[in-house]
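Visitor: sequence and predicted structure below; questions after.
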Amino acid sequence: MTRSHIVLLVEDNKNDVELTLRAFDKSKVVCEIIVARDGEEALEYLLATGSHAGRDPKRMAEVVLLDLKLPRMDGLSVLRRMRADERTRRIPVVILTSSNEEEDVAASYQLGANSFVRKPVNFADFIESARQIGLYWLAMNEPPRAS
């Protein structure tokens with residue numbers, strides 16, 4: 001039985017969403033990408049509440065690609081809430097941001113991020129980053145078994 005890999009992309013910039021979707025497509029990473037446009041929507045998806053209340057909570061994202069600068073709730077707040085909740089604390093979180101601030105890197109790891117990746121400006125580099133993220137988190141990484 002083949003299971004569909006699910007990636008939750010938390011990104012408010014339409015251009016960055018489109019770029020990420022194209023990069024994953026071109027990199028041949030086979031997965032379903034769910035897009036949340038702000039931090040609150042991301043948590044609703046992860047916790048199967050609000051607009052995502054009908055979603056099967058057993059089909060969880062295997063990795064979250066999280067931008068830091070988001071409306072309604074920023075990425076660090078999302079990460080803090082994920083790590084505080086038993087249902088989401090073990091989901092790998094890759095901070096995918098254009099931030100060059102050292103304090104963002106430090107705060108991300110302090111709150112439990114698994115990786116911090118700066119968005120490449122060059123599309124070819126972005127495709128390669130998407131390929132490596134997908135290869136590692138969806139193919140090579142062994143996630144914990146659901147309890």
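Guide: That came in fine, so what should we check first?

Visitor: where along this structure do the helices fall?
Guide: Secondary structure of the chain (DSSP state H): helices at 14-26, 39-47, 75-84, 102-110, 123-134.

Visitor: okay, the ones you listed in a markdown table with distance to S4 next?
Guide: (Each C-beta comes from the backbone N, C-alpha and C, glycine too.) Listed next are the helices of the chain as a markdown table, based on distance: least, Cβ to Cβ, whole Å:
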| stretch | distance to S4 |
| --- | --- |
| helix 14-26 | 14 |
| helix 39-47 | 15 |
| helix 75-84 | 21 |
| helix 102-110 | 28 |
| helix 123-134 | 13 |
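
Visitor: weakest of the ones you listed in terms of mean pLDDT?
Guide: Of all the helices of the chain, mean pLDDT reaches its minimum on helix 123-134 (a mean of 82).

Visitor: which strands and helices sit next to that helix?
Guide: If you count contacts as 3 or more Cβ pairs under 8 Å, 6 or more residues apart in numbering; DSSP states H and E, helix 123-134 packs onto helix 14-26, strand 115-118.
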